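J.: Return atomic coordinates for the entry below.
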Amino acid sequence: MATEKHKKVLLVNYAGYFLCANTFIPDNSLGALAAMLKRQGVPVEIVDLQSPRAVGSVMDHTDRSAAQALVEQLNLGHAAPESLIRRYQDDRRQGEQWLIDSAIEQLLTKISSEDIGLVGFKLWAGEGILGAVQMAEAIRSAYPKVTLVAGGPAVEFCGNYLLELTRAFDQLVPGEGEYAIAALACQEPGRSSSNNAGLITREALTRQGISIQRQTASLEMPRVSQLDDLPFATYDREIYPNIDEFYKFRILDETRGCFNQCAFCSHTQLNGHGTRRRRAVLVVDEIERLQKTEAVNYFRFSGSNPPWRLIAQIAEEILKRKLDVCYSIFASMNNVNPDIFGLLHESGLRSMFFGIESGDFEQLERAHKKDNVSREHVVRVSQAAMQHGIFITLSFIVPAPFETAETKRNSLNLIGDIFARQSHGSILTLPPFLMPGTQWWNDMAEYGFEFTPGMDRRSYILHGMKLSNDYLLPRDSWSDYGYLLHGKTMPELLAECGEFVRQVEQVGALTHIDDAAYMLALMGNLDPREYKNRVLSNLILGGAENLDAQVREMNKSAVQTRERVWMPGQPRSNAA
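T.: Model (predicted):
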């Protein structure tokens, strides 16, 4: 560990206010950066403005009339008028400005009273980026010598276009940030950091001849080759002061990367083709440590497609140590052996997320470049998981490129066959988002995408990075990003997506419950539908005390784990 004295680092998280069922899970990526800084002997503190008390305070500073009217409409099962949704969102923005102003005051006070040398912001695409930029610009104005760094999803997707939104940041970190943040925090004052791997500076862009107004930088994503060399995220209270306000639920970074190359997904660009992993024993070491030191029993693995053998090894290690935990994972149909579902369930696996995208296998290859093996395999794997008490979330993209009435019927028929015997799962349907870094983005015309008149790649990115969606509200209330698919406008695509959701519900499947939301429902000993509806109402109405009470109630219920399974029609109990 470094012995020289370093200035303190603040890591700030602000994503804005949006309606999502898995809100209030602690941020593991900032925890990972903080752990790396701690290893280097750098004092660090996380300022997480996504806590229930912080987010809840937003609605405390509105009159809530639109919020109450919206909740009443939803409780009656009515489709809320778009005008009411927009009025609610406008009111909420006014409350958000109060939170932003309060956060600026908090940050400036910390900088004035503590030896702060660097402030790092995690930037999320969405309206929250505007609040984070306000905070950064206030710091830049008051304390011009403090180094300001930005990383996170918005930097990964938008790169140097962010410099058109603000000039407040000294550095943008587009890739994995552990070594980059450590290099910045440990550099000597006045020394140039433009040669540090993983960093983009305004000066470096200029030397490369890149115009920040007209061209996206080609970002080299530095990746950690050995995840075993990285510390797990820290949630120490002296580093993460408001950690106890969040759910007792932790994200574990067991793998990074994916060997699939799906056309709609940017994961390969961000994390590479192939999978980097931690040893199973180290993953379970961290599970055991968190359980013993923080009384955390619920976990979600962050890897988008972990090798199946690694999952089996983790399960075996959990059973070997007789740990009583629950966890969820992501998986793909071409990377699953259902024969070990019994072992996985016994170890505590309670939920899995599968990307299905389409039930029409010709469209699946043409539009998504995805391999789900076969229709029979999808049905067999899904039913086997449910039979072993594992809740499945299956994602679909509707309408996707080359979508027809027949392809949608094939998807609905697949869903019906999967849930013909039991319905221990949910369907998550999303519209076809056009994301930078994907095959859809690189070959727009081939897949039927085009920008709306007056929009180009630059303006699309600048427009899209400031838009948010309330994921628990009807799809047709979402934002218009400014593209067409096969001549259909965004409102038409959203309406088609919403109609498919309604057809899925008519089949009898649950909707809008992902693996993390199910785990939180399990943690609170709630039916997933009850949890989703309760969270939606609470988030719409907000209130610091209200949302704080919701999380505390859930945490009190989180002591029992492995024997808890929610099956459809089951009375509330802890019987497996």
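J.: residue contacts, P401?
T.: Counting by Cβ atoms under 8 Å, 6 or more residues apart in numbering, P401 touches 366-367, 432, 440, 447-449, 485-486. For every residue, glycine as well, the C-beta is placed using N, CA and C.
J.: try it again with 10 Å
T.: Neighbour list for P401: 263-264, 363, 366-368, 432, 440, 446-449, 485-486 [criterion: Cβ atoms under 10 Å, 6 or more residues apart in numbering].
J.: Tell me which of those residues fall in helices.
T.: Among the contacts of P401, DSSP state H puts 363, 440, 446-447 in helices.
J.: if I read this right, N28 contacts R250, doesn't it?
T.: Yes. When contacts are counted by Cβ atoms under 10 Å, N28 is listed as touching R250 (6.9 Å).
J.: if I look at those two, which residues touch both of them?
T.: Here N28 and R250 have 232-233, 235, 300 as joint contacts, going by Cβ under 10 Å, 6+ apart.
J.: what about the stretch 201-350 of the chain, any weak spots by pLDDT?
T.: 201-223, 268-272 (pLDDT under 70).
J.: Show me the helices in it, by range?
T.: 202-207, 267-271, 280-294, 308-321, 341-347 (DSSP state H, counting those that start in this stretch).
J.: mind giving me TSV with the ones you listed and columns for mean neighbour count and distance to T23?
T.: Formatted as TSV, the entries for the helices of the stretch 201-350 of the chain read as follows, by neighbours: other Cβ atoms under 10 Å; distance: least, Cβ to Cβ, whole Å:
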stretch	mean neighbour count	distance to T23
helix 202-207	15	34
helix 267-271	19	23
helix 280-294	17	20
helix 308-321	18	27
helix 341-347	19	27
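J.: I'd like to know which of these is closest to Q226.
T.: Between Q226 and the helices of the stretch 201-350 of the chain, the shortest separation by Cβ to Cβ is 11.2 Å, and it involves helix 280-294.
J.: Dump that closest one to PDB, restricted to CA.
T.: Backbone C-alpha positions of helix 280-294 (Å, rounded to 0.1, in the frame of the first residue of the first chain) are rendered in PDB as follows:
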ATOM      1  CA  ALA A 280     -15.200 -19.400  -7.800                       C
ATOM      2  CA  VAL A 281     -13.500 -19.600  -4.400                       C
ATOM      3  CA  LEU A 282     -12.900 -15.800  -4.400                       C
ATOM      4  CA  VAL A 283     -16.500 -15.100  -5.400                       C
ATOM      5  CA  VAL A 284     -17.700 -17.300  -2.500                       C
ATOM      6  CA  ASP A 285     -15.200 -15.700  -0.200                       C
ATOM      7  CA  GLU A 286     -16.800 -12.400  -0.800                       C
ATOM      8  CA  ILE A 287     -20.300 -13.800  -0.400                       C
ATOM      9  CA  GLU A 288     -19.200 -15.300   3.000                       C
ATOM     10  CA  ARG A 289     -17.500 -12.000   4.100                       C
ATOM     11  CA  LEU A 290     -20.600  -9.900   3.200                       C
ATOM     12  CA  GLN A 291     -22.900 -12.300   5.000                       C
ATOM     13  CA  LYS A 292     -20.800 -12.400   8.200                       C
ATOM     14  CA  THR A 293     -19.800  -8.700   8.400                       C
ATOM     15  CA  GLU A 294     -22.900  -7.000   6.900                       C
END
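J.: Quick one: distance of it to the chain centre.
T.: Averaged C-alpha coordinates place helix 280-294 at 23 Å from its chain's average position (Cα atoms, centre = their mean, to the nearest Å).
J.: Direction-wise, compare that helix with helix 308-321 and give the angle.
T.: Computed with axes from the mean of the first three to the mean of the last three Cα atoms, to 10 degrees, the direction of helix 280-294 lies at 50 degrees from that of helix 308-321.
J.: mind listing the helices for the stretch 1-150 of the chain?
T.: Read by DSSP H, counting those that start in this stretch, the stretch 1-150 of the chain holds these helices, from start to end of the chain: 28-39, 52-60, 65-75, 82-113, 128-142.
J.: give the contact list for P474.
T.: Residues counted as contacts of P474 (Cβ under 10 Å, 6+ apart) are 74, 79-80, 82, 85, 494-495, 497-498, 501-502.
J.: isn't H377 right up against S332?
T.: No. Taking contacts as Cβ under 10 Å, H377 lies outside contact range of S332: 11.4 Å.
J.: So between these two, which is more surrounded?
T.: Just comparing H377 and S332: by other Cβ atoms under 10 Å the higher neighbour count belongs to S332, 22 against 14.
J.: can I see the domain layout of this structure?
T.: The domain map for the chain lists 8-207, 250-451+484-519, with the assignment taken from automatic domain parsing.
J.: Lowest mean pLDDT across the ones you listed, which one is that?
T.: Mean pLDDT is lowest for domain 8-207 among the domains of the chain, at a mean of 88.
J.: from the chain's centre, how far out does that domain sit?
T.: The chain centre lies 14 Å from the centre of domain 8-207; the measure is Cα atoms, centre = their mean.
J.: do stretch 386-393 as well
T.: From the chain centre to the centre of stretch 386-393 is a distance of 22 Å (Cα atoms, centre = their mean).
J.: what about the residue nearest to D470 when sequence neighbours are not counted, distance to N469?
T.: Once its chain neighbours are removed from consideration, D470 has its nearest residue in L19; the separation is 3.9 Å (Cβ to Cβ, 6 or more residues apart in numbering). When Cβ to Cβ, to the nearest Å is applied, the distance between L19 and N469 equals 9 Å.
J.: ditto for R250
T.: Counting by Cβ to Cβ, the gap between R250 and N469 amounts to 26 Å.
J.: Give me the more crowded residue out of the two.
T.: Counting neighbours by other Cβ under 10 Å for R250 and for N469 shows that R250 has the greater number, 24 against 20.
J.: V283 is in contact with the more buried one, correct?
T.: No. The criterion here is Cβ under 10 Å, and R250 misses it with V283 at 11.7 Å.
J.: shared neighbours, those two?
T.: Common neighbours of R250 and V283, counting by Cβ under 10 Å, 6+ apart, are 232, 299, 327.
J.: Please convert these to CSV, extending it with distance to L108.
T.: Output for these, formatted as CSV (distance: Cβ to Cβ, whole Å):
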residue, distance to L108
F232, 32
F299, 36
Y327, 40
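J.: between those, which has the most around it?
T.: Among the shared contacts of R250 and V283, the one with the most neighbours (other Cβ under 10 Å) is Y327, at 27 neighbours.
J.: Show me what that one bridges to in the sheet.
T.: In this entry, Y327 is beta-bridged to F299, L349, by DSSP bridges.
J.: And G257, by the same measure?
T.: According to DSSP bridges, the residues that bridge with G257 are T275.
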